[in-house]
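Engineer: quick one, fold the following:
(chains A and B)
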Number of protein chains: 2
Amino acid sequence: MKSDIEIAQEATLKPINTIATDLGLDLDDWEPYGHTKAKLSEHLLDKLKDRPEGKVILVTSINPTPAGEGKSTVTVGLGQALNRIGKKSVIALREPSLGPVMGIKGGAAGGGFSQILPMEDINLHFTGDLHAITTANNALSAIIDNHIHRGNELNIDPRRIEWKRVMDMNDRALRQIVVGLGGPLRGVPREDGFNISVASEIMAVLCLSTSINDLKARLSRMVVGYTYDEQPITVKDLKVEGALTLLLKEAIKPNLVQTIENTPAIVHGGPFANIAHGCNSVLATKTAAKLGEYVVTEGGFGADLGAEKFLDIKTRAGDIDTAAVVIVATVRALKMHGGMAKAELKQENVEALKAGMENLKKHIETIETFGLPFVVAINKFPSDTKAETDFISNWCESRGFEVALTDVFAHGGEGGIELAQKVVEKANTSDKNFKRIYELDESLETKIRKVAQQVYGADDIELSPKAKKQITLYEELGWGKLAICMAKTQYSLSDDPTLLGRPRDFTINIRELRPSIGAGFIVVLTGDVMTMPGLPKEPAALKMDVSEDGKAVGLF
Amino acid sequence: MKSDIEIAQEATLKPINTIATDLGLDLDDWEPYGHTKAKLSEHLLDKLKDRPEGKVILVTSINPTPAGEGKSTVTVGLGQALNRIGKKSVIALREPSLGPVMGIKGGAAGGGFSQILPMEDINLHFTGDLHAITTANNALSAIIDNHIHRGNELNIDPRRIEWKRVMDMNDRALRQIVVGLGGPLRGVPREDGFNISVASEIMAVLCLSTSINDLKARLSRMVVGYTYDEQPITVKDLKVEGALTLLLKEAIKPNLVQTIENTPAIVHGGPFANIAHGCNSVLATKTAAKLGEYVVTEGGFGADLGAEKFLDIKTRAGDIDTAAVVIVATVRALKMHGGMAKAELKQENVEALKAGMENLKKHIETIETFGLPFVVAINKFPSDTKAETDFISNWCESRGFEVALTDVFAHGGEGGIELAQKVVEKANTSDKNFKRIYELDESLETKIRKVAQQVYGADDIELSPKAKKQITLYEELGWGKLAICMAKTQYSLSDDPTLLGRPRDFTINIRELRPSIGAGFIVVLTGDVMTMPGLPKEPAALKMDVSEDGKAVGLF
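Structural biologist: Purely as a prediction, here's the structure:
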């Protein structure tokens, strides 16, 4: 089979003008960025406010293998399949971070015949949103250090600055640094570090904002550190909410592109799925809902993280109604959950598969807890055998769960027709009783416990002394009514990445909390969380090039 | 008078499609970036190769005051004026760095009624070129540190890494830092620092490249540091020239915009004028020359730096023929050179002016040494008196120098008609005998001495022990035949910023050299050079905002 980039470069893209016109957009509703990308006007959503809302379909998955289960590919494929069965669909996806692209071969724009295009642009600089976020983040850092250097009127404690610099790069040497060395002309020395740009709170803020005014208000509230008296310092105290908003005024506009089958896709924002909520922007999803009968979107990692945060954080911030959920499962991940070694996952093993079904079962229960209709999608890989995929189908059917075998990677929308039909049926059922896991006015501890018990299946939580102290402090500071954003390993339902399948009789250990006041949540850290990746021994960058005729080479 | 941004926001821009069509461009010669910006195809120059070349007019100036003498404004105004007298002109300018925009109020896109538009975009993220350069620079840094962390096969000495990280920000705390702290998972500790992005050698490389293949070849040659055996390590050794080229494949395409009077402007690249050559890209200037009868372009700082580097470095790399030079002088700068204090420059003082003419005289001699025809442009400021501007005009005329009073800031192209007429006359004179200051095959020391003596008027140069050692080493390494790029204060013809007017009997002290092998020059440092600016006590960012209807506020 051809590589993703070969398939992408052979595709025939429609001019973005055609895609926009087919969506009913006027010329002043969008701006072109090249011939196949556009930014949608900040006025569009307001203009469309009286239109009916399309049905939002959330694509989530079981706990993945390190290679991922093809959630983005299924999202794109399902969007294409819906179009094929006559339903006007719009896909809403995250935009990829450039840093990891330089590291490990593997795109973030779908795959095979279910990709969003132009994949080279989308995976590299795209329309510059990530760069704008990086710039706004680092402008704030420069302002903080300049404030301290110029007399520190606000009494900021340089040891208690929580705001880190960011870069859209996998660069481990920047994880822990000392800045301001070299004497009085070079600022005030202090410890600092860089996160990857998608871990910036500004990314989460941009993705949860419902307008440019909301963006500015959220930016104002961001806490960057504390004074010597341990009082929080906000962006508003530093008076740069206007400048940060100005730096983001183009980045907040959703990007319109298309899939390999010319299905419209709005690709916008990409917050980390651990210290942030891991979904594309509220504006993208809401705009897609105004433009299509169906919106297909996704949440990062498995349902324990991605779906929970989509439903408890994003749909709350954006007032989004979720019509149905697709739970992506793969033969290989289920076999891994059933105890097979990663190196052997290509071998048929129905027994391991059977043992691994427990993982899928728990995620199904979680979606049932949320009261949402769902379809299980088996995302087919070439090594899957019929006995294996049949086993999953039979397992689901015998329990009354809708299931569809999909092969959208190899066959595009055609490979997702059955899934599309079942999704339409579920999205139009009256059998829906949506409720969130927690209410905002519950205590932080209660909210954390509810997620741990109802979503992860834990017996209880255990708070470290530091976490306990932080909860007390945060509730005193008035932050107790915010949502919680769990940072947990994606590989296990528990906080131990080696506990596969469906762990039982475990406790979730809460190490520490971090305030993301602009985003509107408290990040809850269980174990170590990596916010700046590193490069592997042989980075993907070593294979990259540009051909004589200006085409990208070696990019996936 | 209205502010620059008010004038800019009241201007009527033509769709970029109209600007491109009026230039005779086909639809596949360019790509839109919004409705008023475009990127020109990498194939355009090749397509136009049989067209005649327009005449290139270089705008330079006397040694400036810290506020600058309005060289960009005159460049834009002259382009507009040429159009008004029926000459098809295209302006070629540098693109601004975002960092300083956050610091000190003042744009880099012309001023008043001689601006390039949309000025908000051009001064902020524009088409992302600066961000792409930042990313490529920092990808290389990440690759270097990763290489050392992963076993250091190339034997790179972490104490001898010359390649710094960059950020498009005024951030003094990043001038001197330590990276790689925190143990084995966080890389190998070493000293590092950030430069502002425009100081990246990649910016100079991009601006001197004549094609994407030339870009890749230049990137390959860049020296990033030395081994423990003191052998240079290049990008080619690290095998990332392809990846860096891929990251720059859009950034190398020149950007097309327009002025406030709808004159086409190609705005592309903006290397530092001290450690680099300070001109817009070769591709921009060459493309402009294929599209217009006249190209108006500029070099950074005064003629001692900007014109010398334009003529000795840029025109050599790009095989550009310069038709005539405009030397911008202002009453206030000449009075400063005549001994007036900065705070008093608004007061009439013909005596000081007279004393200051020596500075202009030396720059005229330099342009005569280059054998190029020139016109002196007096760039009018509101505080200038008729006695003062008359004095300069008479001084020039009595010596046979062409001179024109211009007021393009207040009156746009109309204010530059006389200048345009005189420039056309000079550009078509047969009285031209262009020769460069040095030949490439002369020794580094000879090249430096020639510039110091012939351009600065120094008696001689004095090499520090370090510089002497470096010259020997560089010539051994085969770098002796490269051009030289002088880094010197812009305020004086000498290396002492306090020596105004026309200093005599002085020596230029050469502190150290730095190789820019990809750019194709050796940087020669005289005194301290700032490669990462800081923010002032009250950064311009504090006044910035976005209005309810999405417009930039407080940006100049």
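
Engineer: residue ranges with poor pLDDT in chain A?
Structural biologist: Residue ranges of chain A with pLDDT under 70: A:105-107.

Engineer: centre-most residue in it?
Structural biologist: Central residue of chain A (CA atoms, centre = their mean): A:Gly278, 2.5 Å from the mean position.

Engineer: got the end-to-end distance for stretch A:221-241?
Structural biologist: Between the opening and closing residues of stretch A:221-241 there is a gap of 9 Å (CA to CA, to the nearest Å).

Engineer: buried residues in it?
Structural biologist: For stretch A:221-241, a neighbour-count test (16 or more other CB atoms under 10 Å in any protein chain shown) marks A:221-226, A:232-235, A:237-241 as buried. Where you see a C-beta, it was placed from the backbone N, CA and C, and this is true even at glycine.

Engineer: for those, which one is nearest B:Asn433?
Structural biologist: Taking CB to CB as the measure, B:Asn433 lies nearest A:Val240 of the buried residues of stretch A:221-241, at 54.4 Å.

Engineer: what's near enough to touch A:Ile510?
Structural biologist: A:Ile448, A:Ile461, A:Glu462, A:Leu463, A:Ser464, A:Ala467, A:Val524, A:Leu525, A:Thr526 (CB atoms under 8 Å, 6 or more residues apart in numbering or on different chains).

Engineer: what is the most widely separated pair among these?
Structural biologist: Farthest apart among those by CB to CB are A:Glu462 and A:Leu525. That separation is 13.3 Å.

Engineer: neighbour-wise, which of these two wins?
Structural biologist: More neighbours surround A:Leu525 than the other of A:Glu462 and A:Leu525, with 22 against 14 (other CB atoms under 10 Å in any protein chain shown).

Engineer: isn't that one up against A:Cys485?
Structural biologist: No - A:Leu525 is beyond contact range of A:Cys485, at 9.8 Å (criterion: CB atoms under 8 Å).

Engineer: okay, and the common contacts of the two?
Structural biologist: Counting by CB under 8 Å, 6+ apart, the shared contacts of A:Leu525 and A:Cys485 are A:Ile275.

Engineer: about what we covered before: and the two most separated of the buried residues of stretch A:221-241?
Structural biologist: A:Tyr226 and A:Glu241, at 18.8 Å, using CB to CB across these.

Engineer: go through the contacts of A:Ile510 and flag which are in strands.
Structural biologist: Under the assignment DSSP state E, the contacts of A:Ile510 contribute A:Ile461, A:Glu462, A:Leu463, A:Val524, A:Leu525 to strands.

Engineer: from the buried residues of stretch A:221-241, which land in strands?
Structural biologist: Per DSSP E, the buried residues of stretch A:221-241 map to strands at A:Val223, A:Val224, A:Gly225, A:Tyr226, A:Pro232, A:Ile233, A:Thr234.

Engineer: what's the distance between the residue lying closest to A:Lys447 once chain neighbours are set aside and chain B?
Structural biologist: The spatially closest residue to A:Lys447, leaving aside those adjacent along the chain, is A:Tyr438, at 4.2 Å (CB to CB, 6 or more residues apart in numbering or on different chains). Applying CB to the nearest CB, to the nearest Å, the value for A:Tyr438 to chain B is 34 Å.

Engineer: kindly report the same for A:Arg94.
Structural biologist: From A:Arg94 across to chain B, the span is 19 Å (CB to the nearest CB).

Engineer: got the contact list for the closest residue to that residue other than its chain neighbours?
Structural biologist: Nearest residue to A:Arg94, sequence neighbours excluded (CB to CB, 6+ apart): A:Gly270, at 3.7 Å. Listed by CB under 8 Å, 6+ apart, the contact set of A:Gly270 reads A:Arg94, A:Glu95, A:Pro96, A:Ser97, A:Ala108, A:Leu130, A:Val198, A:Met203, A:Cys207, A:Asn280.
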